[in-house]
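*Asks:* after the sequence you'll find the predicted model.
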Amino acid sequence: MLRKKYLIALLLLTPVFLFLVYAFYRFEPFVSNQWNDAKLTAAIASGQFGDATFGYLKGPSRKIRYVQLGEDPSKPMLVFVHGSPSSSAFWFNMLRDSSLRAAANLLAVDRPGYGGSGLGIPMISVKEQASNVAAIIRERRASADQPIILHGSSYGGTVSARIAMDFPDLVKGLLLQSASTAPREEYTYWVTHPTSHWSLSWLLPSSLQTANTEKLSHQQQLEDMANEWSNIKANTVILHGTDDWLIYPPNAYYSCDQLVNAEEVIHHMVPGKEHDLIWSAPKLLKKYLLKLIKREEVATDSVILPALSQG
């Protein structure tokens, strides 16, 4: 009898164990980029990022860690908001780009629950996350009229959209990269539910525990945003891979349909690309970011800029 129970337990736990091995392999880059302050300091000290600094600021309900490159009040501020599981380190290849650094001040934040912003302590409410990140943006911007452009990836795109909804006068440009915006239009691993239970969650790294908790709340959070899209006024670019198996392509079409009051919307589906556009299409991302930055530079000078076109 004991042997039978042992075999049953083994059969039940083996798939979980195999998935955890697979998940570690698949998500190891995201887990390893939960940099501590020492690693962040070393990266900045390497000299690859120019005038760079990092620090902590208190938002309405969470202390948030940020990395900033440049504090030139004559330039727009480009803000990077990462997905799940990740941190500000996700953006460091973009932060190295000299063309972006020349065109804008760059700000990357650790979303609540990741990196230095309470690793492993999730903040389920996207509205609350948006409020905390927006507070850091306001604190770090050079002036009240400095244009702010958001680049949100995956669930960072969700948070970025929420910031643009709740603080429409703050955000002038918005790039939604592979963003989760449409309820029920994303893949959820079958093991997400069991590994979210206290009896198994301890097996996961802290960043994956946060990601799991967020994942199970996505549908409700996206439904809560459904009636707020008309608040977004920012010029918006939507980039999505046609073969994205994690955040399905209908998310991009949904965003386009909802952005009824955005000054301009560009929708670009990238043929054959999956969820990892930051690695598979970095030049395209930079192209659109520079267009959004250029538009704000010209708008600040009170000059009419021709409409952006799909590239």
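*Replies:* Yes, it's here.

*Asks:* now stretch 133-149: average pLDDT?
*Replies:* Average pLDDT, stretch 133-149: 96.

*Asks:* er, stretch 194-205 actually
*Replies:* 76.

*Asks:* quick one: terminal-to-terminal distance for that stretch?
*Replies:* Separation of the first and last residues of stretch 194-205 by CA to CA, to the nearest Å is 15 Å.

*Asks:* could we number from 43 for the rest of this?
*Replies:* Renumbered: residue one is now 43, and that last one reads stretch 236-247.

*Asks:* in it, what counts as buried?
*Replies:* Using 16 or more other CB atoms under 10 Å as the test for burial, stretch 236-247 gives 237, 242, 246-247. (Glycine included, C-beta is placed from N, CA and C.)

*Asks:* in helices, which of those residues appear?
*Replies:* Per DSSP state H, helices hold the following members of these: 237, 242.

*Asks:* widest-spaced pair of the buried residues of stretch 236-247?
*Replies:* Pairwise distances across the buried residues of stretch 236-247 peak at 13.0 Å for Leu242 and Pro247 (criterion: CB to CB).

*Asks:* that older thread, save the buried residues of stretch 236-247 as a markdown table, and put in distance to Leu258 too.
*Replies:* Converted to a markdown table, those look like this (distance: CB to CB, whole Å):
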| residue | distance to Leu258 |
| --- | --- |
| Thr237 | 11 |
| Leu242 | 14 |
| Leu246 | 13 |
| Pro247 | 17 |
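
*Asks:* now flag whichever of the buried residues of stretch 236-247 is closest to Trp287.
*Replies:* For the buried residues of stretch 236-247, the nearest to Trp287 is Thr237 (20.0 Å; CB to CB).

*Asks:* the closest one contacts Thr255, correct?
*Replies:* No. Applying CB atoms under 8 Å, one finds Thr237 not in contact with Thr255, separated by 10.7 Å.

*Asks:* and the residue lying closest to Arg138 once chain neighbours are set aside, what element?
*Replies:* In this structure, Arg138 finds its nearest non-sequential neighbour in Gln90, 5.3 Å apart by CB to CB, 6 or more residues apart in numbering. Under DSSP states H and E, no helix or strand contains Gln90.
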